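Student: got a predicted structure plus its sequence, pasted below:
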Amino acid sequence: MKVLILGASGATGRLVLKHLLDRGMETKVVIRESAKIPDSHRDNKLLECIVGNISEFGMDEFYKLVADCDAVVSCLGHNISFKGIFGKPRKLVTNCIENICRAIMARNDTKTKLILMSTTAYRNTGMKEKYGCGDRMVLSTLYYLLPPHRDNVEAGLYLQNTIGAGDGKIEWVMVRPDGLFDEEEVSGYEVHQSPKRSSISDPGKTSRINVSDFMIKLLLDEKLWKEWRYKLPVLYNIELKTEGN
Ligand SMILES: NC(=O)c1ccc[n+]([C@@H]2O[C@H](COP(=O)([O-])OP(=O)(O)OC[C@H]3O[C@@H](n4cnc5c(N)ncnc54)[C@H](OP(=O)(O)O)[C@@H]3O)[C@@H](O)[C@H]2O)c1
């Protein structure tokens, strides 16, 4: 299996890349000229590194990107800076996902797995998930005020509503972490169909390494993939109870 990773220079994407290479899997990444890939990966024959800005790629480049890949993992996200949040490209994730899907659909061969890193702030419209009134108000306001949130929502809607379960050429999973943080090792985590807490007033925590671990398991474990395809699993780290709690 060869896996195309988008956002491989990011905090989560680089973990996905490392974990895939550690497992001896072929990978392809697209990174911006300014981005860094660890020196230890540079001479790795399993890694194909394309330098360029994916948000400026035309369809021909997308066709080439997916041509020899069996799976795509997107960990793309807007940089947390004024330019990253309010500047262009406002539809970084949505446009990339749409173009990747178009390129996959133009191929003649069999199915491709697509994993999108989304967020608990994306409501599963298919399951009519009910968020509290306060959460709905905050999230709808953020949709208009915060372009990266709108981008995540639109990318999710495209996968759920436009691609859907389709003809099976694209099988997707939208992984939804809650508040992201970094930790060194994979730890215990829970996977749910829907959020168990408010992402606004009572957010949980999800370590990026656990997100990466779950994504790799999805790719490698066919049973797990079948369990979650076309679904939007929510990940929470298991909080260790301290004395007195
Ligand atoms: N923060 C949270 O608590 C939270 C919770 C749930 C979900 N999420 C979502 O999770 C996703 C990934 O999070 P993360 O922390 O791993 O992200 P991150 O470290 O910010 O990585 C983002 C990736 O996207 C790339 N990128 C950003 N702007 C780009 C552009 N204009 N053109 C091309 N590539 C661009 C970055 O490339 P460079 O290295 O070149 O900048 C990087 O590889 C995001 O979509 C975020 O919304 C976040």
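Tutor: Received the coordinates, thanks. Computed from a predicted model, the values in this text were never measured in an experiment. Numbers count the residues shown, from 1 in each chain.
Student: ok, then the element right after the helix or strand of the chain with the lowest mean pLDDT?
Tutor: Within the chain, no helix or strand scores below helix 39-42, which has a mean of 85 by mean pLDDT, DSSP states H and E. Using DSSP states H and E, the next helix or strand after helix 39-42 towards the C-terminus is strand 47-51.
Student: buried ones in that following strand?
Tutor: Residues of strand 47-51 classed as buried: Leu47 (neighbour count, 16 or more other Cβ atoms under 10 Å). Every residue, glycine included, has its C-beta placed from N, CA and C.
Student: helices or strands next to it in the packing?
Tutor: The contact analysis (3 or more Cβ pairs under 8 Å, 6 or more residues apart in numbering; DSSP states H and E) places strand 47-51 against strand 26-31.
Student: mind saving the C-alpha coords of the strand it packs on as PDB?
Tutor: The C-alpha coordinates for strand 26-31 follow below in PDB (Å, rounded to 0.1, in the frame of the first residue of the first chain):
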ATOM      1  CA  GLU A  26       5.600   3.500   0.900                       C
ATOM      2  CA  THR A  27       4.600   7.100   1.300                       C
ATOM      3  CA  LYS A  28       4.300  10.200  -0.800                       C
ATOM      4  CA  VAL A  29       4.200  13.700   0.700                       C
ATOM      5  CA  VAL A  30       3.700  17.200  -0.700                       C
ATOM      6  CA  ILE A  31       5.400  19.800   1.400                       C
END
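Student: how far does it sit from the chain's center?
Tutor: Centre-to-centre, strand 26-31 and its host chain are 15 Å apart (Cα atoms, centre = their mean, to the nearest Å).
Student: what angle do that strand and strand 47-51 make?
Tutor: Orientation check (axes from the mean of the first three to the mean of the last three Cα atoms, to 10 degrees): strand 26-31 against strand 47-51 gives 20 degrees.
Student: ok, residues contacting strand 26-31?
Tutor: Here strand 26-31 makes contact (Cβ atoms under 8 Å, 6 or more residues apart in numbering) with 1-6, 8-9, 13, 17, 20-21, 37, 46-52, 54, 57, 65, 68-69.
Student: redo that, cut-off 6 Å
Tutor: 2-5, 8-9, 20, 46-50, 54 (Cβ atoms under 6 Å, 6 or more residues apart in numbering).
Student: that strand pairs with which strands, parallel or anti?
Tutor: The strands beside strand 26-31 in its sheet (DSSP bridges) come out as strand 2-6 (parallel), strand 47-51 (parallel).
Student: model confidence over stretch 205-215, on average?
Tutor: Averaged over stretch 205-215, pLDDT sits at 98.
Student: next one: the nearest residue to Phe86 once chain neighbours are set aside from the ligand, what distance?
Tutor: Distances taken as Cβ to Cβ, 6 or more residues apart in numbering place Pro147 nearest to Phe86, at 6.3 Å, with adjacent residues excluded. According to Cβ to the nearest ligand atom, to the nearest Å, Pro147 and the ligand sit 11 Å apart.
Student: perfect, I'm done here.
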